[in-house]
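Visitor: I would like to see how this sequence folds:
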Amino acid sequence: MTVATVPGRVSPEHGGRHSRLARWAVGLMVVFGAALATSLATLAIGSAVLGWSGLEDTWVALLAAEAAIVGLLTALAAFVLALAARIRRERWALLWLPLGVFPACVLLLVLGETLWWE
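Guide: The predicted structure follows:
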């Protein structure tokens, strides 16, 4: 007995397209990377111009913090979308990126707040 495929539906395992949820999750990780790069570049330029003591309570630190918050929120959205795609049995190796990055960011934030920052 042979199994016929559904017309118009191509499986991602056989070179087809990935689901919309998976593509959105990976696309949001690109936004996360841009927000993280913006935050780090803002801190690097601010510390080069003002010094580390000049970053406390200034617009430079506020801009870097806002970029980091945008990055964390997009990582959360990408995590939820990637989780939904994995529940729907999407098999794309890039889905592990949002599934790993958001918990790592939360862990870094919790450890940083309790151990390193005041």
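
Visitor: Can you verify my assumption that Ala75 contacts Cys105?
Guide: Yes. Judged on C-beta atoms under 8 Å, Ala75 makes contact with Cys105 at a distance of 5.6 Å. C-betas here are computed from N, CA, C, even on glycine.

Visitor: For those two, indicate the residue with more neighbours.
Guide: Ala75 (25 against 18; other C-beta atoms under 10 Å).

Visitor: Next, the contact list for the more buried one, please.
Guide: Residues in contact with Ala75, defined by C-beta atoms under 8 Å, 6 or more residues apart in numbering, are 28-29, 32, 98, 101-102, 105.

Visitor: tell me the secondary structure for Arg89?
Guide: What DSSP: H, G, I helix; E, B strand; the rest coil gives for Arg89 is coil.

Visitor: ok, it - how many residues close by?
Guide: Arg89 - counted by other C-beta under 10 Å - has 8 other residues nearby.

Visitor: Quick check, pLDDT for it.
Guide: For Arg89, the pLDDT comes out at 87.

Visitor: That one and Gly27: what is the separation?
Guide: 20 Å (C-beta to C-beta, to the nearest Å).

Visitor: got it, and Arg86?
Guide: 16 Å.
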